[in-house]
Structure formats: C-alpha cells, structure tokens
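>>> Dropping a prediction and its sequence here:
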There are 2 protein chains.
Amino acid sequence: MKTTLDSDRDLSAQIASAIRDAIVSGQLIVDERLPSEAELADTFAVSRPTVREALKRLAAQSLIRTQRGASGGAFVNRLSYDETVGQQITTATLLLSMNEVDFETACEARFALEKACAPASARRRSADHLAAMRAEIHRQSQPGLSDEGFCASDVAFHRALVEGAGNPVLGWHLAGAIEGMQPLMNMITFSARDRARIVGLHDAIANALEARDAQGVQTGLDALEHETLRLAGQVRAARAARRR
Amino acid sequence: MKTTLDSDRDLSAQIASAIRDAIVSGQLIVDERLPSEAELADTFAVSRPTVREALKRLAAQSLIRTQRGASGGAFVNRLSYDETVGQQITTATLLLSMNEVDFETACEARFALEKACAPASARRRSADHLAAMRAEIHRQSQPGLSDEGFCASDVAFHRALVEGAGNPVLGWHLAGAIEGMQPLMNMITFSARDRARIVGLHDAIANALEARDAQGVQTGLDALEHETLRLAGQVRAARAARRR
DNA sequence: AGATTTCATTTGTCAGACATTTAAAACTCT
DNA sequence: AGAGTTTTAAATGTCTGACAAATGAAATCT
C-alpha cells in the first residue's frame, strides 16, 4: 500500500488511490480492518484531516465502511449489487443528460442491451417475473395514470424482464442502462393512443416470454424501440414547430 | 440544495447528498461554481473540514472538480465517458471478485452484452476498427507472448469490436463488462493449442465483421463463449484434482 | 500603455482539542 | 463463581484556528 507521495497532486487523492489499489489488487481483503486514521496519518506522513478526506473518497465509492467506537475503524466493504446500482444509475443518468447524447444513440444502446437479456430471460423467467410484468401492464392500462407513473411502470416492466434472466451481473449492467434513460423518457408525453400501442407491445413481449420464445421477445423489443423513436421524433418535431 | 440535517448520520454524507441531488436534479448546471467552502460551512452550519469531506466524496464520483486560487472553487464537472469508465471498471471488477460470482454467470453476461453490439458494429465499423482487430490478432499469434499479454490483447480486440458500434453509450456499458472479467480470465493459463483456437475464432469474427455479417459475428462470439467456458472448466477440474 | 508588484480570495494542509460511540475490562453484588 | 453494572480506553466525528500555496485582479511603477 505504501507509495511515494508526489506532493504536487492532492495528497488525499494519492492516499485514496494507494488504498484503492491495495483493495483492488487483493492486498486488503473484504472485512479487513484498515489501520486507524492516526496510524495512517503516521505512515503517510500527513495529518489526520487529510487521511479522513482520503477515506471519505473511498467511502463515496462504497469501497470502505466506517464504524465508531472501540475496535471500530474503516473496513473493506463487500460491494453489493444493491449498493452500487444507485451510483451506477446516477452516473449513467448524468452522462446522458450532460453530454447531449442524442435520443437515438441512448435508445439504441438501451434496447440493444435489453435484447441481450431476452434469450436468458425466455429460458429462466419464473412465474413471479411474468406475474410482475402482467401487473405492470395492468397498471399501465389505467386511464388515470400520470405520465410519470406510466414511465415508472414502464421501467418496472423492463426491470422484471431483465431480472427474469436470473443473472445478477446482467441485471446490474442493465439497471444503469434502463433507469438512466428515464429522464429522457419523461420528456415524452404519451397520448392515450400511444399508451395503448405500448401496452400492446408489452403484452406481446409478455406473451412471448410466457411461451419461452426468445425470438418473439426480441421482435417485440425491436417494435418497442421503433415506437419509442417515433414518439421521440414527434416530440422533437413539436418542439421545432413551437420555436418557429 | 438546503435540507435539514439529521445529525444522526454523517454530516459530510448528508451534505454530499444534498449537493449531489442539486446536481442530478439540474439545480446546479455544468461548470457552475459552488459556494466557497467557507460559505458552504456557513449555510450548512458545520465546520470547513466537514464541508471538505463532503466535497471530496463528490470529487470521488467526478461530480465536481476543484481549482485553487482567486476565483477558484468547486465546479460542477461535465461527466465524460473517459473519466467515469475507470470507476465503472473498478466497481465491476470488485463486484465480480468479492461476490464469488461463478464464472458461468459472469461469462454469460459478458458475451450476451457483447453480442448486443454485433449488429451495430457490423453496420458501422470503420476500416480502422477492423485494422485494430487484425493487429491484435497478429499480436496474439506471437509465440513469445505472456499470458497477461495475451489477455490484454484479447481485451483490446473486444474493445475494438465494441467501439466499432460507434455508440459511446454502448461502449461505456461494455467497458465494465469486458474489463471487469479480466481478473477471472487471468486465472486461465492458455496452452499453445488453446491460443490457436481462440485466435482462429477471433479471425472468424473479424472476417464476419469485414463482410458486415452481424449473424456471423454473433455465431463467432457464441463459439468463443463456449470455448471460454470449456477452458474455465479445465482450470476448475485441475484445481479440484490438485486439492485431492 | 505596458510591465511589474501587491493583494485578496480560495483551496490545501496541519495541529490540537473535544464530543460521541462502542466494546472490552474492571468491578460489585448476590 | 456468576451475572449485572460501571469504568475505561480506543476509535471515529466534529470544531477551531492557523498557515501555505496558487491564482486572478487590482494597484503601481516605468
């Protein structure tokens, strides 16, 4: 873990890097206790506040957790999917919103990744996953549902599809792809006819999944991608017209 | 950005959350300057070190950057793909290594996602991407190459395939999936015959990509996945035999 | 006017102190 | 001796105050 400090870069950043490397390379294993802040300050020859800033950087990435009191300290954290998926979504969301990614690019990525789940989900989806999807379809058919509610249900539907693949790694990657798109999706206002069309496609996908028909699921997702792009195009056209 | 502080959770964590929410929700826009540390300490009624710890948490996620000097301060950072892909890889790597994900699960996810890139890559790959892949194939054929070198070249090959899709969002998601697998791949020792087989499959994939044959690329990736699983099975069998 | 110096602002770092939490050790009473 | 209580020590969380270093802007000088 020891490295020479450059003194030109931020000390806390360098110390965080050194400890992070030790964790990634396996020199520090899960649940192992790091030296106390005072000891770290000694070994790196810096003050305790500087060490603390470094530790907070690591805590922000969920790499460590801290515990107060005797026999407390900083411990290497076992990264969990649930813990990291939030950061994943935050990052994905900001990447899309800050970099002016055109809707087509984001949409292509999102559906391409989701289609990648189709074969595994068709093979392994349980009755529960199917029921969850049917429930969301039912919610989406309610006339009084708000646009945000419709989008949230849409996300839940697709999350259920992905969960059906029974692969936590796949689920983790997809969470960012699907939820990160939500702000972009929220810019769309869905007419009753649009909603009916989408619900119909969701139904077709659920049916294909029930029949364990991977190809059918992918076809449904293709149609859904096409429909989404069409709606986005309408929004853009309306906006251009208003500007004129 | 103002919120009531609970005083039971870490103050710096709460302050970081408040600022993070302000960024995600768009109240703070890219390149906007945050109040100085002293001002933040005032508004949140905490000391400057506490504010600094909060800011370091945000810096660890690349949400802000800081600059010293007059008219310096903390600025909302425009998240770039290059900046965040490193964190993405670190997280993905640790998730796999810390959670004892079985090789099959990780492998399935990785190849499923990569297959998702095949259609776009077949359509849009440039001559440069193809040349990069050919170059890596050539490197992989060198007899003197070390196992790590072989793995690194393998990663570069697949990265080129993904980049060929010309979709930065897709590329960002795939980077974690592919590079995160590297530690698991490094546990495999490749015999000369194994390498020849893999290089042959790489060649087939490159040929399919040259012919813009998406189905051929997917078939090649399927075969590569099968081959990878076979090699991993050998390693596991050898390990079980040694333990006996 | 242009170059130089000074200055104010802001982050980076340090030292020392106190508060709070927590588990283990010491102690007391039955 | 054993169970419950109190004390204590170690660790993080927070605060105060200070100085160093960087940096842009204002003031000054040629």
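Looks like it came in fine. Residues are numbered from 1 along each chain as shown, chains lettered A, B, ... in the order given.
>>> C-alpha from now on. contacts and neighbour counts both.
Noted.
>>> who in chain A is up against DNA strand C?
Taking Cα under 7 Å from any atom of the strand as the test, the list of chain A residues beside DNA strand C reads A:7, A:9-12, A:45-50, A:67-72.
>>> tell me the domain ranges of chain A?
A:11-76, A:81-243 (automatic domain parsing).
>>> for the first one, how far is the first residue from the last?
Using Cα to Cα, to the nearest Å, one end of domain A:11-76 lies 21 Å from the other.
>>> just to revisit the earlier point, which of the residues of chain A next to DNA strand C count as buried?
Applying 16 or more other Cα atoms under 10 Å in any protein chain shown to those, the neighbour count classes A:11-12, A:48-50 as buried.
>>> before we move on, the earlier item: compare the domains of chain A and report which one is nearest to DNA strand D.
domain A:11-76 (3.5 Å; Cα to the nearest atom of the strand).
>>> out of the domains of chain A, nearest to residue B:98?
domain A:11-76 (7.3 Å; Cα to Cα).
>>> quick one: average pLDDT of the closest one?
Throughout domain A:11-76, pLDDT has a mean value of 96.
>>> now, the most widely separated pair of the buried ones among the residues of chain A next to DNA strand C?
Going by Cα to Cα, the pair spanning these furthest: A:11 and A:48, at 11.7 Å.
>>> and the helix or strand hosting residue A:173, what does it pack onto?
Applying DSSP states H and E as the criterion places residue A:173 in helix A:168-179. If you count contacts as 3 or more Cα pairs under 8 Å, 6 or more residues apart in numbering or on different chains; DSSP states H and E, helix A:168-179 packs onto helix A:81-98, helix A:103-124, helix A:147-163, helix B:103-124, helix B:168-179.
>>> Next, work out how far apart the residue nearest the centre of chain A and residue A:86 are.
By Cα atoms, centre = their mean, chain A has its centre lying nearest to residue A:176, at 2.2 Å. Note on residue A:176: its distance to residue A:86, by Cα to Cα, is 8 Å.
>>> Quick one: low-confidence residue ranges for chain A.
A:1-7, A:243-244 (pLDDT under 70).
>>> Up against chain B, what does it have?
A:24, A:30, A:49, A:52-54, A:56-61, A:78-81, A:84, A:88, A:90-91, A:93-95, A:98-99, A:105-106, A:109-110, A:112-113, A:115-117, A:167-170, A:173, A:177 (Cα under 8 Å from any Cα of the partner chain).
>>> Only the buried subset of those residues, as a ChimeraX command please.
Listed next is the ChimeraX selection for buried residues among the residues of chain A next to chain B, using 16+ other Cα under 10 Å:
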select /A:24,30,49,52,53,54,56,57,58,59,60,61,78,79,81,84,88,90,91,93,94,95,98,106,109,110,112,113,115,116,117,167,168,169,170,173,177
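>>> from the residues of chain A next to chain B, which are also near DNA strand D?
Answer for the residues of chain A next to chain B near DNA strand D (Cα under 7 Å from any atom of the strand): A:49, A:52.
>>> Would you agree residue A:117 is in contact with residue A:170?
Yes. The pair residue A:117 / residue A:170 is scored as a contact, 7.5 Å apart, by Cα atoms under 8 Å.
>>> list residues touching both of those two?
Counting by Cα atoms under 8 Å, 6 or more residues apart in numbering or on different chains, the contacts common to residue A:117 and residue A:170 are residue A:162.
>>> State which helix of chain A is the longest.
In chain A, ranked by residue count with DSSP state H as the criterion, the top helix is helix A:214-243.
>>> so how far is residue B:213 from residue A:76?
With Cα to Cα as the criterion, residue A:76 and residue B:213 are 46 Å apart.
>>> same check, this time on residue A:167
28 Å.
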